[in-house]
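A.B. asks: quick one: sequence plus predicted model below, questions after.
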Amino acid sequence: MVETKESKTGLLERLRNSIPQEWILSLKAPEPRRIFLSVKREHFKEAMTKMLKDEEITHLSTITGVDLGEEIEVIYHLDKSGTILSVKTTTPKSQPTLPTVTDLIPGAPLYEREVHELLGVAFDGHPDLSRLVLPEGWPPGLYPLRREISIENIRSALEKAKEEKKVG
Amino acid sequence: MDEERVIIPIGPQHPALKEPMNFMLKVEGEKVLEAIPNLGYNHRGIEKAATVRTYIQNLYLAERICGICSIAHVQCYAQGVEKLLEMEIPPRAQYVRLILSELNRLHSHLLWVGVAAHEIGFDTLFMYLWRDREIVMDTLELITGNRVSYGFTMLGGVRRDISPDMAARVKKEMKTVRDRTQYYKKMSSNERSILKRTQGVGILKPQDALALCACGPTLRASNIKWDVRREDPYLAYNEIPFNVVTSDGCDVLSRMIVHYDEVIEATNIIEYALDHMPSGSFREKVTRRIPAGEVVSRVEAPRGEDIHYIKSNGTDKPERFKVRAPTLGNIPAVCKMLSDSYIADVPIILAGIDPCFSCTDRVTFVKGEMGKGWIWTQEELRRYANRWYQQR
Amino acid sequence: MNVVKWARSKSPWIIHFNTGSCNGCDIEVVAALTPKFDLERFGVLLKGSPRHADVIVVTGPVTNQVKERLKRVYEQMPSPKFVMAIGTCACSGGVFKDCYNLCQGVDKVIPVDIYVPGCAASPEAIIDGAAKLLKKISG
């Protein structure tokens, strides 16, 4: 049986040639059909636009946010004929913002809202970054997936929010 | 014109099964103009909880992300951790896991077609399908000892083996399931009351399906041949011949046909896998500490592409565990299907993507500015829908 | 036994509410109502509206978002009303013990009459719970 229509090295080589070196922080393929590409934040949107156009990628599987301590890493998992291309970029935790990709991928809004809600990354140009998964009355500025927030922190913050509501 | 325009919240409470979910529908007369999803009734915080548990405890947590596609989630998680460990599980374990994944798909698909039949007021078919689904449940119980959450997949393999006696019994049951499904498929594609409610309803054009990143049977019913089992093979899927089923109707009927065909396909896969099972051990020992690294793992769950991201920092607990279940991927698509449809078709369209929140129980109609509202139960909405169709 | 009580014990109409469960118990509740297990022989009928129901069947550990809705649905039911908590997580939070967005059990929000443990609770266990509830109703 054919492995995949697109062998992993084909895409890897093309990416290496098409994307300018100074945009890339790292590019690796640790196993078959998985590629991790890390790009600089200021070139992220350009790189994304170029890749989607050159490779005719339409499918975005999901967006993952990871708290790295000082920075927040956002990973876009794209699919190109069975190969998962994970495009990574980082944003400082003190003021996390990234340009939106909703204009490039119509299926992205829900994933961006989820990352916004759970990690507090603001996506510039997103049409509607309102509440998605957390309950109504959730304390603003409390992002549950950040590293310094423990489950006990969240519980006590929720208790506090409830008390304040009762008093007010 | 404005007087006609009203907003209808649907959900979150629901009668038959599945998760709570809320949709705001902007309607004008009978036409739905726009659908806005509102999630979060089922947000438990699993991703955070996973970071304070060990990899072995997380097996059981992953299994309970969804009780219907439990095997798919636990398979996806275990496969990711095994990749971090850079180990291959024994071939026999791969086959046992594959058989379980397909049994899982069988019961989930039969469940869905039953629910779809219920939504269009065809309760007889619903009861028949759920009766036949019990054959699959008995098979699962025979192999794993449980009906819903199995606790069967382990890091490094599976908990128990499939004995020759079990295999013979499973094969016999698969034949029954296949014969009956073929009959139901024939009946569903000819029965007028089904055709009238499903043909041309909930259209999702191929280009929209691709643009909105739909997945699973929803995508395949829009005539796009895309299946993780074929595109990104895991377990032993590259050793087993099977067809990726598609249908070109792009409507609810096609989704029904795709589900029937996938049931038939799954029974064939199970029979083939049972005949070609390699011998050997079915489990290997693994260490508790997982080497640092990151991995993206995905499987084809019954509802579509299920993708997990695991980041390890070298301890016995993951640093980040991210899950994207297939239903979330299909929500933009269902909003597209709902726009420009009729209120009467809302239940079947929502059910059409095989969601994990399906049934729309309580529908509140609120007239825009006047703030007057009335409440419909899902039962009443369905009765209204059936009546509306009788008059047409 | 007075006639109202007798009638009630012969036709307990139920409403099913998922409060954040994994769906495992939900499909088992439906399976209990379909031909193989057939809970309907006890007169149990699944209704869509809380206003028609005598028994609320709750599955799931109750998320914060759904808590108020659960209370509201419970209040909409006519008295006397009974609550069945299906599954370990509805009884005590179960496997979701450390999750931040949960109330850890139905009994933290509304009073519970029957606890059916199991993850997921099997249809046999649900039937057993229903039979015990019927005993309680007929007093």
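C.D. replies: Ah, there it is.
A.B. asks: what about residue B:198, distance to chain A?
C.D. replies: From residue B:198 across to chain A, the span is 25 Å (C-beta to the nearest C-beta, to the nearest Å). Heads up, the C-betas are built off the backbone N, CA and C, glycines and all.
A.B. asks: and the gap between that residue and residue B:121?
C.D. replies: Residue B:198 sits 12 Å away from residue B:121, going by C-beta to C-beta, to the nearest Å.
A.B. asks: equivalent analysis for residue A:92, please.
C.D. replies: 56 Å.
A.B. asks: so which residues on chain C come close to chain A?
C.D. replies: Within reach of chain A by C-beta under 8 Å from any C-beta of the partner chain, chain C has these residues: C:63-65, C:98-101.
A.B. asks: which of the residues you listed has the weakest pLDDT?
C.D. replies: Lowest pLDDT within the residues of chain C next to chain A is found at residue C:98 (75).
A.B. asks: tell me, how many residues neighbour that residue?
C.D. replies: Residues lying near residue C:98 (other C-beta atoms under 10 Å in any protein chain shown) number 20.
A.B. asks: same question for residue B:148.
C.D. replies: By the measure other C-beta under 10 Å, the count of residues near residue B:148 is 27.
A.B. asks: wait, it touches residue C:30, no?
C.D. replies: No. Here residue B:148 does not reach residue C:30: they are 11.7 Å apart, not a contact under C-beta atoms under 8 Å.
A.B. asks: and residue A:140, what is it in contact with?
C.D. replies: Counting by C-beta atoms under 8 Å, 6 or more residues apart in numbering or on different chains, residue A:140 touches no other residue.
A.B. asks: looks to me like it is in a strand.
C.D. replies: No. Using DSSP: H, G, I helix; E, B strand; the rest coil, the secondary structure at residue A:140 is coil, not a strand.
A.B. asks: any idea how far it is from chain B?
C.D. replies: Residue A:140 is 16 Å from chain B, by C-beta to the nearest C-beta.
A.B. asks: and the chain, what are its domains?
C.D. replies: Here I'm looking at chain A. A:8-133, A:136-168 (automatic domain parsing).
A.B. asks: nope, chain B please
C.D. replies: As recorded under automatic domain parsing, the domains making up chain B are B:2-41+B:332-391, B:46-324.
A.B. asks: could you look up the SS state of the residue nearest the centre of chain A?
C.D. replies: The residue lying closest to the centre of chain A (C-alpha atoms, centre = their mean) is residue A:74, at 3.3 Å. With three-state DSSP as the basis, residue A:74 sits in strand.
A.B. asks: my guess is it meets residue A:64, correct?
C.D. replies: Yes. If you go by C-beta under 8 Å, residue A:74 and residue A:64 touch, sitting 7.3 Å apart.
A.B. asks: now do the buried residues in the lengthiest helix in chain A.
C.D. replies: Ranked by residue count and defined by DSSP state H, the top helix of chain A is helix A:151-167. Going by neighbour count (16 or more other C-beta atoms under 10 Å in any protein chain shown), the buried part of helix A:151-167 is A:151, A:154, A:157-158.
A.B. asks: how about stretch C:2-15?
C.D. replies: C:8-9, C:12, C:14-15.
A.B. asks: and chain B, which of those residues contact it?
C.D. replies: Within the buried residues of stretch C:2-15, those near chain B by C-beta under 8 Å from any C-beta are residue C:15.
A.B. asks: mark which of the buried residues of stretch C:2-15 are part of helices, please.
C.D. replies: Reading helices off these with DSSP H, I get C:8-9.
A.B. asks: of all the buried residues of stretch C:2-15, which two lie farthest apart?
C.D. replies: Comparing all pairs in the buried residues of stretch C:2-15 by C-beta to C-beta, the longest separation belongs to C:9 and C:15, at 17.7 Å.
A.B. asks: coming back round to it: looking at residue A:92 and residue B:121, which one has more neighbours?
C.D. replies: Regarding residue A:92 and residue B:121, a neighbour count based on other C-beta under 10 Å identifies residue B:121 as having more, with 17 against 11.
A.B. asks: the more buried one and chain A: what is the separation?
C.D. replies: Residue B:121 is 31 Å from chain A, where distance means C-beta to the nearest C-beta.
A.B. asks: just checking, what packs against the helix or strand where residue C:85 lies?
C.D. replies: According to DSSP states H and E, residue C:85 maps onto strand C:82-86. Of the remaining helices and strands, those touching strand C:82-86 by 3 or more C-beta pairs under 8 Å, 6 or more residues apart in numbering or on different chains; DSSP states H and E are helix C:24-33, strand C:55-59, strand C:114-116, helix C:123-138.
A.B. asks: dump those to TSV, plus mean neighbour count and mean pLDDT.
C.D. replies: Shown next, in TSV, are the helices and strands packed on strand C:82-86 (neighbours: other C-beta atoms under 10 Å in any protein chain shown; pLDDT from 0 to 100):
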stretch	mean neighbour count	mean pLDDT
helix C:24-33	26	87
strand C:55-59	26	90
strand C:114-116	22	92
helix C:123-138	17	91
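A.B. asks: now for the longest helix of chain A, which elements pack on it?
C.D. replies: Under the contact definition 3+ C-beta pairs under 8 Å, 6+ apart, helix A:151-167 sits against helix B:46-50.
A.B. asks: what mean pLDDT does the helix it packs on get?
C.D. replies: Regarding helix B:46-50, the rounded mean pLDDT is 83.
A.B. asks: what sits up against it?
C.D. replies: Contacts to helix B:46-50, defined as C-beta under 8 Å, 6+ apart, come from residues A:118, A:144-145, A:151, A:154, B:58, B:61-62, B:65, B:318, B:320-323, C:96, C:98-100.
A.B. asks: shared neighbours, residue A:74 and residue A:64?
C.D. replies: Counting by C-beta under 8 Å, 6+ apart, the contacts common to residue A:74 and residue A:64 are residue A:115.
A.B. asks: mind listing what the residue of chain C found nearest chain B touches?
C.D. replies: Proximity to chain B, evaluated over chain C using C-beta to the nearest C-beta, is greatest for residue C:24 at 2.4 Å. Contacts for residue C:24 (C-beta under 8 Å, 6+ apart) come out as B:64, B:67-68, B:70, B:148-149, C:87, C:119-120.
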